[in-house]
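Visitor: curious how this folds, go ahead:
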Amino acid sequence: MPAAPCSSSKATMPPAASSGSSTIIIAVILLILYFGMNLVFNIYNKWLFSGPLPAPIFVTATHQAFCFLGAVSAWMCVPDNWYKRTPLEGSAMISKLMIIPFGFCLNIGLNNMSLLYTTLALNQLIRSFAPVSVAFASFFIEGKSYSYPKQATLAMLVMGIVLGVSASPDFELLGFVICASSVLGSTLQIVLTGYFMGGQKVTLHVFDILLYTAIPCIAFLVPMAYLVGDFPKTAASFEANGAGKFLGLVLAGGSMAFSYNIITICLIKFTSSVYYAVAGGFKVCIVIGMSFVFFHQKVSTLSLVGIVISCIAFVANSYLTFKDKQKKPVKTIDEANRGLLSGKPKSEEEV
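Guide: Numbers count the residues shown, from 1 in each chain. Take a look at the predicted model:
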């Protein structure tokens, strides 16, 4: 009887399993980079606006300029299988692009401006109110309904934010009003986009968004910077820091803005937009916690309780959003194109 063939002493991993493991490793690395870049970017902006360059609207405009240059470079240099410019066709694309610059200025511009007057912890706490404002707006404008568990998380979020903000020793009314206005701007951008777009499918890469909307965003931001007095502050910063340091500060911020876009694109590419939305919940908790490490911020017991409640509710709401999206995928906007610093609108569930 012939001997049975000997099995190899070295087990080989199936190609599919190997590929899956590589994807998981890449996704984990990208998630770490996403959290790290978001944390560094927020801390850098707060430090920058609190001292060396207190001109947040002007700086936001420079961020858009860097993102535009990066998108142009991608258009000219990267292979077509990574990015190929989408031509503007149809009213759906034009409608979306017309909403983005206005919403971006109210959302990101006012958010950065609020860092002049409020702590980073309170800024993030107030910004976490966005799911509540979007839920109310979607209910009244689109008739959208939410499950009881989701309503409970939104109620907890409201309770936590009210407690955390009102009991904070660092509370300043002006900073609160500006930051709350940025939340309303974000809500307006999201809900109006969904309302005007209806069920139309628009597939624009993030680089398309940057190419087509960065210059209009700058056109909105420059007059806004003039009105709030950013130009004299910019000139004073240039004189105080010198040309080299000033340009270095602008270059660092612009590079972070564009890098954050790239990391977010890759994170969504290797996971999905719903994982990105859940990551946003943990991101808020990380930034709030680390802000107490890097900045001198005061907190009372009641304010701390409110912050904890808000973080738990925000993460729970993100998790429920994740579960909902597993059952019912978003149909209106391509997954790889949402929720980036370019000001591109997210769906109502992803805030």
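
Visitor: against which helices or strands is the lowest-mean-pLDDT helix or strand in the chain packed?
Guide: Least confident helix or strand of the chain, by mean pLDDT, DSSP states H and E, is helix 90-104 with a mean of 74. With contacts taken as 3 or more CB pairs under 8 Å, 6 or more residues apart in numbering; DSSP states H and E, helix 90-104 sits against helix 173-197, helix 206-227. C-betas here are computed from N, CA, C, even on glycine.

Visitor: list the helices and strands the next helix or strand after it packs on?
Guide: Downstream of helix 90-104, the first helix or strand assigned by DSSP states H and E is helix 110-114. If you count contacts as 3+ CB pairs under 8 Å, 6+ apart, helix 110-114 packs onto helix 56-77, helix 120-127, helix 173-197.

Visitor: where's residue 84 relative to residue 71, distance?
Guide: Distance of residue 84 to residue 71, given as CB to CB, to the nearest Å: 13 Å.

Visitor: just want to know which of those two has more residues nearby.
Guide: Taking other CB atoms under 10 Å, residue 84 and residue 71 do not tie; residue 71 has more neighbours (25 against 12).

Visitor: which residues touch that one?
Guide: Counting by CB atoms under 8 Å, 6 or more residues apart in numbering, residue 71 touches 207-208, 210-211, 214.

Visitor: just give me the closest of these to residue 47.
Guide: residue 214 (24.7 Å; CB to CB).

Visitor: the least confident helix or strand of the chain: how far from the chain's middle?
Guide: 18 Å (CA atoms, centre = their mean, to the nearest Å).

Visitor: now for residue 22: which residues touch it?
Guide: Applying CB under 8 Å, 6+ apart, no residues contact residue 22.

Visitor: so what's it scoring on pLDDT?
Guide: Per-residue pLDDT puts residue 22 at 73.

Visitor: that one and residue 70: what is the separation?
Guide: 27 Å.

Visitor: likewise residue 294?
Guide: Using CB to CB, residue 294 is found at 27 Å from residue 70.

Visitor: so for these two, which residue has more residues nearby?
Guide: Between residue 294 and residue 70, counting by other CB under 10 Å, residue 70 is the more crowded of the two (21 against 14).

Visitor: hang on, the earlier thing: got the CA positions of the least confident helix or strand of the chain in PDB?
Guide: Extracted C-alpha coordinates of helix 90-104, given in PDB (Å, rounded to 0.1, in the frame of the first residue of the first chain):
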ATOM      1  CA  GLY A  90     -27.100  68.200 -13.800                       C
ATOM      2  CA  SER A  91     -29.000  70.300 -11.300                       C
ATOM      3  CA  ALA A  92     -28.300  67.900  -8.400                       C
ATOM      4  CA  MET A  93     -24.600  68.500  -8.400                       C
ATOM      5  CA  ILE A  94     -25.000  72.300  -8.800                       C
ATOM      6  CA  SER A  95     -27.600  72.500  -6.000                       C
ATOM      7  CA  LYS A  96     -25.300  70.600  -3.700                       C
ATOM      8  CA  LEU A  97     -22.300  72.700  -4.500                       C
ATOM      9  CA  MET A  98     -24.200  75.900  -4.000                       C
ATOM     10  CA  ILE A  99     -25.200  74.900  -0.400                       C
ATOM     11  CA  ILE A 100     -21.700  73.800   0.700                       C
ATOM     12  CA  PRO A 101     -19.800  77.100   0.800                       C
ATOM     13  CA  PHE A 102     -22.500  78.900   2.700                       C
ATOM     14  CA  GLY A 103     -23.000  76.000   5.200                       C
ATOM     15  CA  PHE A 104     -19.200  75.600   5.600                       C
END
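
Visitor: kindly calculate the angle that that helix makes with helix 56-77.
Guide: In terms of direction (axes from the mean of the first three to the mean of the last three CA atoms, to 10 degrees), helix 90-104 departs from helix 56-77 by 140 degrees.

Visitor: okay, angle between helix 90-104 and helix 206-227 too, please.
Guide: Going by the same axes, to 10 degrees, helix 90-104 makes 40 degrees with helix 206-227.

Visitor: residue 304 is nearest to which of the helices and strands packed on helix 110-114?
Guide: Nearest to residue 304, of all the helices and strands packed on helix 110-114, is helix 120-127, at 10.1 Å by CB to CB.

Visitor: what is the closest one packed up against?
Guide: Counting contacts by 3+ CB pairs under 8 Å, 6+ apart, helix 120-127 packs against helix 15-50, helix 110-114, helix 148-166, helix 173-197, helix 273-294, helix 301-327.
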